[in-house]
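> give me coordinates for this.
(4 chains)
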There are 2 protein chains.
Amino acid sequence: MGNETRKRMLQTTLRLIQLRGLHGVSLNDILEESGSPRGSLYFHFPGGKEALVAEAMQSGIEEASQVLRECLASASHPADGVKAFFQAAAEEMTRSDYGFGCPVAPIILDSPHVSTKLAAACRAAIDEWTEMYREALLAGGLSFERAGRVANTITASLEGALIMARSHQDATLIVTVGDEVADLITLAVNR
Amino acid sequence: MGNETRKRMLQTTLRLIQLRGLHGVSLNDILEESGSPRGSLYFHFPGGKEALVAEAMQSGIEEASQVLRECLASASHPADGVKAFFQAAAEEMTRSDYGFGCPVAPIILDSPHVSTKLAAACRAAIDEWTEMYREALLAGGLSFERAGRVANTITASLEGALIMARSHQDATLIVTVGDEVADLITLAVNR
DNA sequence: CAAAATATGACGATCGGTCTATATACTATG
DNA sequence: CATAGTATATAGACCGATCGTCATATTTTG
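Here you go, the predicted structure:
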C-alpha cells in the first residue's frame, strides 16, 4: 500500500502530542521526525493539522479502549480487571520512557474551545471508557447510579495517576493508585 | 507600588495557561489581554517567557495549597476535609467557567523535559499536596505506608476529576468523585 | 533639577500552517 | 507498444505570527 508515509505521520503525531501537548508540536516537528516530505501532508490530510491530529488521537483512543475491553473481559471480578488495566498503563509508561499517557488529556488541557470536533472526540472517549467500567460494575451487582459514580472515580484516578507518573517519572504510582481503587471497588461490590 | 502591571501580567499568564496550555499561549496573547506593552515584559521578567510562567504558576500553586490547608484544618475527619477541598475546586471551576483547573497539570503534559525548572516546581507542588493528605490520614490513624498510598490516590482522583469536568463542562463530576473518595477514606480509617 | 526606575512600540530573524504548482507512478485504451 | 489520462506524491513559495532586543519616552524619586 502506498500509505506508508501516512501511517508514519500518524504515529509520530500521536507520539509527539503526548510528549509536548497539542500546541507544543509543529508540523515541522512531525515532518522531520517522521521523515516525511513537507508537501505530502496536505495530500494525505486535506483538513490540515486538525485532521491529522484528530485521526492520530482517534487511533490512540481505540487502542486504549481495546486494551481496557480485554482487561475487563478476562477478569472474573471488576476489581481485577481495573487493576490489570492500570498495570497495563504503567507498563506502557515505562516502555515509552514516560512519553505515552492518556491520548486525550493533553488535548483537553490544551484546547478548551479551540476545536469543537477534537473536544467532542475527547468527551466521547472518556464516556466510552467510563461506560465500560460501569457495565462491569453493574455485572458485579452495583446499582446503576452507584456504578456510574464509581466508574467516574476510576476514570479520574487513572487520568490523574498518569499525570503524576509522568511528573515523577515513576510508573509505580499508577500501580499503587490502581490497587487502591481496586480496593474501593471490592468494598463497594461486597456490601 | 509600581508593580501593578507586573501583577496583571502574572494573573493573565496563569489564567491563559490554564485555558490553553503552556504552548498554547503566546506572549502577544498575554500582553494583549493584560493590556501591557511589549517591552515591559522584559523589564519585569528578564528571564523571558519561562520566568513569567514559572512565577505565575507558583502563585497558582500557593493559592491551591492554602485552600487545601484550610479545608483539612477546619475538618474533624480527613474525609470531610478532602470532600470540602473537592467542593472548593468544583466551585472554582464553575466560577471561572471551566477556565481554571489544576495549575500544574497543563505544564506537566505540555513539557516533559522542556524546562527542568518548571518540571521540578510541578513535582514539588504535587508532593506538597500529597504530603498534606498523608498527614491528615496519619492523624486519622492510618499507617504511614497506607496513608501514603491513599494520599496518592486522592491527588490522582482530583487531578483526573478536574480534567473530566473541563472536558464535559460539568463541575458536578468533581463533587461526585470527591464524595466517592471520601467514602474510601472513611472505610480505610475505620478499619 | 538630576538620576533612577519604569513604560513604550518598532524591528528582524525565525518559525508557523497553508496552498499552488510540479513531478512521478499507475491504468486504460487504440 | 505508445500515448493520454488519472491517481498519487512531492517541492517549495507564501505570509502572518512569534519572541527577544533595543533605542527612546515618561514617570517617579531623592
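> ok, the residue of chain A found nearest DNA strand C - how many residues close by?
Nearest residue of chain A to DNA strand C: A:Gly48, at 2.8 Å (Cβ to the nearest atom of the strand). Backbone N, C-alpha and C define where each C-beta goes, glycine included. As a burial measure, the neighbour count of A:Gly48 was computed by other Cβ atoms under 10 Å in any protein chain shown and equals 11.
> secondary structure element for the nearest residue to it once chain neighbours are set aside?
Take A:Gly48 and drop its neighbours on the chain: the residue closest to it by Cβ to Cβ, 6 or more residues apart in numbering or on different chains is A:Tyr42, 6.8 Å away. With elements delineated by DSSP states H and E, A:Tyr42 resides in helix A:40-44, which encompasses its position.
> so which bits of the one helix or strand A:Met164 maps to are buried?
Element membership for A:Met164, per DSSP H and E: helix A:144-168. Judged by neighbour count using 16 or more other Cβ atoms under 10 Å in any protein chain shown, the buried positions of helix A:144-168 are A:146-168.
> so is whichever helix or strand comes after it next to chain B?
Per DSSP H and E, helix A:144-168 leads on to helix A:172-189 as the next helix or strand towards the C-terminus. Yes: legend: contact between helix A:172-189 and chain B by Cβ under 8 Å from any Cβ of the partner chain is shown at A:173, A:176-177, A:179-181, A:183-184, A:187.
> which residue does chain A bring closest to DNA strand D?
Per Cβ to the nearest atom of the strand, A:Gly39 is where chain A lies closest to DNA strand D, at 1.8 Å.
> just the pLDDT for the closest residue to A:Leu68 other than its chain neighbours.
The shortest distance from A:Leu68 to any residue that is not its chain neighbour, by Cβ to Cβ, 6+ apart, is 5.3 Å, and that residue is A:Phe85. Looking at A:Phe85, its pLDDT reads 98.
> I'd assumed A:Cys71 was in contact with A:Phe85.
Yes: in terms of Cβ atoms under 8 Å, A:Phe85 counts as a neighbour of A:Cys71; the distance is 4.2 Å.
> the two - which one has more neighbours?
Under the neighbour definition other Cβ under 10 Å, A:Phe85 and A:Cys71 were set side by side, and A:Phe85 has more, 25 against 21.
> dump the residue contacts of the more buried one.
Under the criterion of Cβ atoms under 8 Å, 6 or more residues apart in numbering or on different chains, the contact list for A:Phe85 reads A:67-68, A:71-72, A:158, A:178.
> so which strand or helix has it?
Using DSSP H and E, A:Phe85 falls in helix A:78-95.
> residues in contact with the helix or strand that A:Asp29 is a member of?
Secondary structure assignment for A:Asp29, by DSSP H and E: helix A:27-34. Under the contact criterion Cβ under 8 Å, 6+ apart, helix A:27-34 has outside partners A:5, A:8-9, A:11-13, A:15-16, A:36-38, A:41, A:49, A:52.
> point to the residue nearest the middle of chain A.
Centroid-nearest residue in chain A: A:Cys102, 3.3 Å away (criterion: Cα atoms, centre = their mean).
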